[in-house]
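Please work out how this folds:
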Amino acid sequence: MSYILIGNMVSLIGAIIMIAIGLLKKKNSILAAQCIQFGIMGLGNLILGGVSGFISNVVGIVRNLICFKKEFTLPLKIVFVVIQAVLTIIFNQSGLYGWLPFFATVVFTWSLDAKNESALKLAIIIGQILWAFHDFHFQNYSALACDIFTVVTNIVGLFMIRKNENKLETSTDAE
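Modelled structure (predicted):
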């Protein structure tokens, strides 16, 4: 069996989890599910030669675990961005495509302290678009398809959050 097929099968499992995450509304639920997703997707990236994607996923797991325990402050954001930048500089052998996971992760990392889940959803949407280009380059077609579905489910999740916010505003205005 070829490494492309194996990498795509592994990535498909992680990508299915990624799609389901789009329907989650609570930050801690999103972060917990992402840890599982990142582990599986990281392995798929590594099999397909996307070392910077693997690095991004490992850094994402550590970042999410810290977010459960501590408030994600500006100094922590900077530390994680610097760690990932240094690791990407050291291990990236794919030019701009190798930097796309870095940029996607920076967008997400910067939004982690957002009090509004809508901001987190928007960051996921932007990040997944960047990952889509990366996955296409590394022939991670199952992840690419799921990147697109993740964008769609997060847009649906965004509308669900906004709908709930509008209901709350309407009920508050009625009182």
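
and Lys25, how far is that from Arg162?
The gap separating Lys25 from Arg162 is 11 Å, by CB to CB, to the nearest Å. (C-beta placed from N, C-alpha, C; glycine too.)

shaky segments in the chain?
The chain contains residues with pLDDT under 70 at 172-175.

What segments of this protein are helices?
3-21, 27-47, 51-69, 74-91, 95-111, 117-137, 141-174 (DSSP state H).

OK, contacts around the residue nearest to Leu24 when sequence neighbours are not counted?
Closest residue to Leu24 apart from its sequence neighbours, by CB to CB, 6 or more residues apart in numbering: Ile30 at 5.0 Å. Applying CB atoms under 8 Å, 6 or more residues apart in numbering to Ile30 gives the contacts 21, 24, 120.

out of those, who's nearest Pro101?
Within the contacts of Ile30, the smallest distance to Pro101 is 17.0 Å, found for Ile21 (CB to CB).

Now do the closest one against Val156, distance only.
12 Å.

So the two - more neighbours on which side?
Set side by side, Ile21 and Val156 show more neighbours around Ile21, with 21 against 13, by other CB atoms under 10 Å.

Quick one: residues contacting the nearest residue to the more buried one once chain neighbours are set aside.
Spatial nearest neighbour of Ile21, chain neighbours left out: Ala33 (4.8 Å); criterion: CB to CB, 6+ apart. Listed by CB under 8 Å, 6+ apart, the contact partners of Ala33 are 17, 20-21, 24.

want to try JSON lines for the residues you listed, with distance to His134 as columns?
As requested, the contacts of Ala33 are exported to JSON lines (distance: CB to CB, whole Å):
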{"residue": "Ile17", "distance to His134": "18"}
{"residue": "Ala20", "distance to His134": "21"}
{"residue": "Ile21", "distance to His134": "18"}
{"residue": "Leu24", "distance to His134": "23"}
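
In those residues, which residue is surrounded by the most others?
Ile21 leads the contacts of Ala33 on contacts (other CB under 10 Å) with 21 neighbours.

ok, so what distance separates that one from Gly14?
Ile21 is 10 Å from Gly14, by CB to CB.

No further questions, thank you.
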